[in-house]
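K.L.:
got a predicted model here, sequence first, then my questions.
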Amino acid sequence: MTTTVPLRRLVDVIDCAHVTAPFVDDDRRFPVASIRECQGAFVDLSDCKYTTKEFFDHLRASDRAPRAGDLLFIRNVSVGLVSAVAPSTPEFAVGQETVLLRRTSEVDPTFLRYALVGAEANYAIESAMIGSTFRRINVSAIRALPIALPPPEEQRLIADYLDRETTRIDTLVEEQQHLVEMLHLRRRAVVDAVLSQGLDPETARFGTGSPWLPELPVGWKAVRAKHVLAFGPASGVSPAAGGTDDLKSLSLGAIRNGRVIMGPEVTKFVDRSSLESTESLRLHPGDILLVRGNGNVDLVARAGLVGPEFAAEKYIYPDLLIRIRVNSSMLPEFFVWACNASPTRAQVRARARTAVGTFKVAGGDIRSLVLPVPPMDEQRAIVAFLDKQTSKIDQLIAETERFIELSRERRSALITAAVTGQIDVREVA
């Protein structure tokens, strides 16, 4: 018979030390596990951070040293992630955002891990979370989480069944993720080939003298971006938040696959009264937005084209975006393709400066970028070709990512059904 008991009846919930340990990178270092190390069934220290011996000992004091069979439960930000400590895991310390669950009963540890990630536990966790910006759950609420507990022999059957079935799903998801990576590489290769060779790879080429674009088809030019700009670069502004009837501003996430999108997920409302004028900041069709700063250097100076739908909507842009306009020597669509191609990405990585974990470029860096400039008729043909080819690849990526999403939903539903007794695992074992 299945009974529901609070988690504290099954485990000790041991909170972390609540100190910020310094991270080091030398021979005298000791591993620390937190959110990043708890992404799978078992704690993974392969890419963890390290601290000093002094802090390592402090983090492991008062019975906080993880043991084989313990579970790590994430209580801040990525709330509800659960990973087990395998017998082969080296000694490590528990960082912030984490609590240890140590069994005080005969509950099967694998069953308990599945029970804690099922939909019923997730609902209880969601109901107990506090905080608006950074969601978290208190230790007292973790101790009170309800666990549906079948007899011990059935717990083992459920755990074995879910190990088999989730492994099959996880393997399939991993294969599909690899396919997505290959499709992204294929997309990049198509863009890079056309922007360095043109549509006819047999066309004669010449040496440009630029280390960034060593060779280009005859008739093309390698020029600095300042020679094709008619306006900008101009940074945006980030005024105080406003109400839903106030001024619309885009977020950094609005630049996707070379386009600037609009919608609730990328729109912020800002205080109109804090700005003297908004007209100079308003986006118009044909404008180009570039990311000025980001924690990921590969996203810095990524470009997106403002489409015709913005003619009827009044949007401004934040200070981590830069707006430019090109002159008659280059199509704005071609500029976006050239800016997002690998040779330009290499230039951005060489120029980007880092401060407090953020990579940034300035307007002068954008003006100094070396870009390929074909004749106008070739620009039009290249834009049409790339739009067509990449749209096919993007559709395949979207379909594959949707398949991954559905597989993960099926995995979650399977876990919930098994741990709550909706599946009789004795019949499918």
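P.N.:
Arrived safely, thanks for sending. Please read these numbers as outputs of a predicted model, since none were measured by experiment. Numbers count the residues shown, from 1 in each chain.
K.L.:
residue 33 - how many residues pack around it?
P.N.:
A count of nearby residues for residue 33, using other Cβ atoms under 10 Å, gives 23. In this view, the C-beta of every residue, glycine as well, is placed from N, C-alpha and C.
K.L.:
next one: residue 405
P.N.:
That count, for residue 405 with other Cβ under 10 Å as the rule, works out to 11.
K.L.:
that one belongs to a helix?
P.N.:
Yes - under DSSP: H, G, I helix; E, B strand; the rest coil, residue 405 sits within a helix.
K.L.:
separation between it and residue 413?
P.N.:
Applying Cβ to Cβ, to the nearest Å, the value for residue 405 to residue 413 is 13 Å.
K.L.:
all helices for the stretch 201-350 of the chain, in order.
P.N.:
Secondary structure of the stretch 201-350 of the chain by DSSP state H, counting those that start in this stretch: the helices cover 332-339, 342-351.
K.L.:
after the longest one, which helix or strand is next?
P.N.:
Next helix or strand after helix 342-351 toward the C-terminus (DSSP states H and E): strand 353-355.
K.L.:
can you tell me what sits against that following strand?
P.N.:
297, 359-361 (Cβ atoms under 8 Å, 6 or more residues apart in numbering).
K.L.:
mind checking which of those residues are buried?
P.N.:
Neighbour-count burial (16 or more other Cβ atoms under 10 Å) applied to the contacts of strand 353-355 gives 297, 359-361.
K.L.:
can you give me the end-to-end distance of stretch 39-46?
P.N.:
Length of stretch 39-46, first residue to last, Cα to Cα, to the nearest Å: 12 Å.
K.L.:
cool, stretch 245-257 as well?
P.N.:
29 Å.
K.L.:
buried residues in stretch 350-362, which are they?
P.N.:
Buried, per 16+ other Cβ under 10 Å, within stretch 350-362: 351-352, 358-362.
K.L.:
repeat that for stretch 156-176.
P.N.:
157-159, 161-162, 165-166, 173, 176.
K.L.:
restricted to helices, list those residues.
P.N.:
157-159, 161-162, 165-166, 173, 176 (DSSP state H).
K.L.:
pretty sure residue 320 sits against residue 293.
P.N.:
Yes - at 4.8 Å, residue 320 counts as touching residue 293 under the criterion of Cβ atoms under 8 Å.
K.L.:
of these two, which one has the most company?
P.N.:
residue 293 (22 against 17).
K.L.:
re the thing from before, lowest average pLDDT across the helices of the stretch 201-350 of the chain?
P.N.:
Among the helices of the stretch 201-350 of the chain, helix 342-351 carries the lowest mean pLDDT, at a mean of 93.
K.L.:
off-centre distance for that one?
P.N.:
Between the centre of helix 342-351 and the centre of its chain there are 21 Å (Cα atoms, centre = their mean, to the nearest Å).
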